[in-house]
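> The sequence and its predicted three-dimensional model are supplied below.
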Amino acid sequence: VGYLQHSSLSYYYDQGYLSIGRGNPYYFNMNESLLINPNIIPTEYLWWKHRNKLLQFDWGILMLSSINDNNRMINFHRYAIKNKKFRIGFSEAILITYQDWSVRELAYVLPASIHLETEENRGINANLIWLIDGMFKFKDWTYYGEILIDDFALDGNSPPQMAFNFGLGKKLKKNLINIEYTKINRWTGNHCDPEKVWLESNLPIGHSLGSDASHILFSSHTKINKNFIIELDLQYLIHNDLNAVERLLEWPNGLECDHNFNNIELSESIHSHNFSYGITIDYSHKPNYVINAKLDCIRKDLFWGIGFVFSY
């Protein structure tokens, strides 16, 4: 595949695929994953997915843009059990920085390394994140959710850097409706070292909400006929007055790495409440092309876009 800023070579086989190139790979969820969302910018990547009956394994590497002449990279593994009715998966992802590639950095990209042990033994102060995802289908309903653990203080002297979402969907004739709630704690995705914050080129790598935010999302997908599809989404958003990038860069003054928050006076987080909505229309007269029109209203500001996709 090759177009504009994307180019990739993928090999598919009965049990999975191997893909390498430049693009914006993301974790699948009904909307956005808490770990890697579909809106990140194109990056060089390697992704291997393998399935064996009920078991699945993913191994991926994302090469991020450098900061202060330090190279940045994310490596992740996902171990999952899946059938037609349910799935449950565990992922470990780590963001490291380096200047010169050596054996020490190589330990972080091995297909089956345990990142927590690697981080402790190799001496790189990396940003480690765990994710548990699940999905269950019962009759016409689909239930799904994710729990993300960025950091958790067992002694209770630091706030938990966690996030979660939960949603359900149902098919009603030609309609697919979905309701989802997402909550991201204040320091989730953040880090004492700004080079290891869960950001890429001023875009959140995880959920686009950033941190210190939550939302309730309602969406519907309606197939009018074989040519027209209409998608609607309504969102009630709660967050502090900073934007998503500023919230992820926020860190308590004077707080060093590996120190508790218990003796640091934190500023109060004042939250705002906003309502937004959007509509997307897809038109396809023939199977090889699609015209897309999108209109969003966010904080009384209108955003629109028109796209065209042709394949052969």
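That came through fine.
> Mean pLDDT per helix and strand in this structure: which one sits at the bottom?
Within the chain, judged by mean pLDDT, DSSP states H and E, the helix or strand with the poorest mean is strand 2-3; its value is a mean of 62.
> Tell me how far residue 228 lies from residue 242.
39 Å (C-beta to C-beta, to the nearest Å). C-betas here are computed from N, CA, C, even on glycine.
> With neighbour numbers in mind, choose between the two.
With other C-beta atoms under 10 Å as the criterion, residue 228 and residue 242 differ in neighbour count, and residue 242 comes out ahead with 17 against 12.
> from memory that one sits against residue 248, does it?
No: when contacts are counted by C-beta atoms under 8 Å, residue 242 is not listed as touching residue 248 (9.1 Å).
> gap between stretch 123-137 and the chain center?
11 Å (C-alpha atoms, centre = their mean, to the nearest Å).
> Give me the below-cutoff pLDDT ranges for this protein.
Low-confidence segments of the chain, defined by pLDDT under 70, span residues 1-3, 263-265, 312.
> any idea which residue sits dead centre in it?
Against the mean C-alpha coordinate of the chain, by C-alpha atoms, centre = their mean, the closest residue is residue 36 at 2.4 Å.
> and it, what is it in contact with?
The contact partners of residue 36, by C-beta atoms under 8 Å, 6 or more residues apart in numbering, come to 25-27, 62, 74, 76, 93, 205-206.
> one more time with 10 Å, if that's ok
Taking C-beta atoms under 10 Å, 6 or more residues apart in numbering as the contact definition, residue 36 lies against 24-29, 60, 62, 74, 76, 91, 93, 131, 198, 200, 204-207.
> what residues are up against residue 256?
For residue 256, the residues meeting the contact criterion (C-beta under 10 Å, 6+ apart) are residue 192.
> How many residues are close by residue 251?
Around residue 251 there are 14 residues (other C-beta under 10 Å).
> The closest residue to it other than its chain neighbours in helix, strand or coil?
The shortest distance from residue 251 to any residue other than its chain neighbours is 5.9 Å, reached at residue 190 (C-beta to C-beta, 6 or more residues apart in numbering). Following DSSP: H, G, I helix; E, B strand; the rest coil, we place residue 190 in the coil state.
> For residue 190, give its distance to residue 10.
Computed with C-beta to C-beta, the distance linking residue 190 and residue 10 is 34 Å.
> The two: who's more crowded?
residue 190 (25 against 12).
> Would you mind listing the residues touching both of residue 242 and residue 248?
Counting by C-beta under 10 Å, 6+ apart, the shared contacts of residue 242 and residue 248 are 210-212.
> could you dump the residues you listed to TSV with distance to residue 255?
TSV is the format used below for the shared contacts of residue 242 and residue 248 (distance: C-beta to C-beta, whole Å):
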residue	distance to residue 255
210	19
211	15
212	16
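> Output those as TSV; include the columns neighbour count and secondary structure.
Putting these into TSV (neighbours: other C-beta atoms under 10 Å; DSSP: H, G, I helix; E, B strand; the rest coil) gives the following:
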residue	neighbour count	secondary structure
210	26	coil
211	28	coil
212	21	coil
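> in a helix, that's where residue 296 is, yeah?
No: assigned with three-state DSSP, residue 296 falls outside any helix and is strand.
> Return the residues in contact with it.
Residues in contact with residue 296, defined by C-beta under 10 Å, 6+ apart, are 233, 235, 276-280, 302-305.
> same thing but at 8 Å, please
Here residue 296 is in contact with 276-278, 302-304 (C-beta under 8 Å, 6+ apart).
> Could you identify the buried members of these?
In terms of neighbour count (16 or more other C-beta atoms under 10 Å), the buried residues within the contacts of residue 296 are 276, 278.
> Are we agreed that residue 202 is in a helix?
No: the assignment for residue 202 (three-state DSSP) gives coil, which keeps it out of a helix.
> Confirm for me that it is in contact with residue 244.
No: counting by C-beta under 8 Å, residue 202 does not reach residue 244; the two are 9.4 Å apart.
> Going by neighbour count, which residues of the longest helix seen in the chain are buried?
Longest helix in the chain by number of residues (criterion: DSSP state H): helix 115-122. By neighbour count with 16+ other C-beta under 10 Å, helix 115-122 contains the buried residues 115, 118-119, 122.
> Likewise for stretch 135-143?
Of the residues in stretch 135-143, those buried under the neighbour-count criterion (16+ other C-beta under 10 Å) are 135, 142.
> For that stretch, output the C-alpha coordinates as CSV.
The C-alpha trace of stretch 135-143 is given here as CSV (Å, rounded to 0.1, in the frame of the first residue of the first chain):
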residue,chain,number,x,y,z
MET,A,135,-15.7,-7.9,24.9
PHE,A,136,-18.8,-10.1,25.4
LYS,A,137,-21.7,-10.7,23.0
PHE,A,138,-25.1,-11.8,24.3
LYS,A,139,-28.0,-12.1,21.9
ASP,A,140,-28.1,-8.7,20.0
TRP,A,141,-26.0,-6.9,22.6
THR,A,142,-22.3,-6.3,22.7
TYR,A,143,-20.5,-5.3,25.9
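> Fine, thanks again, bye for now.
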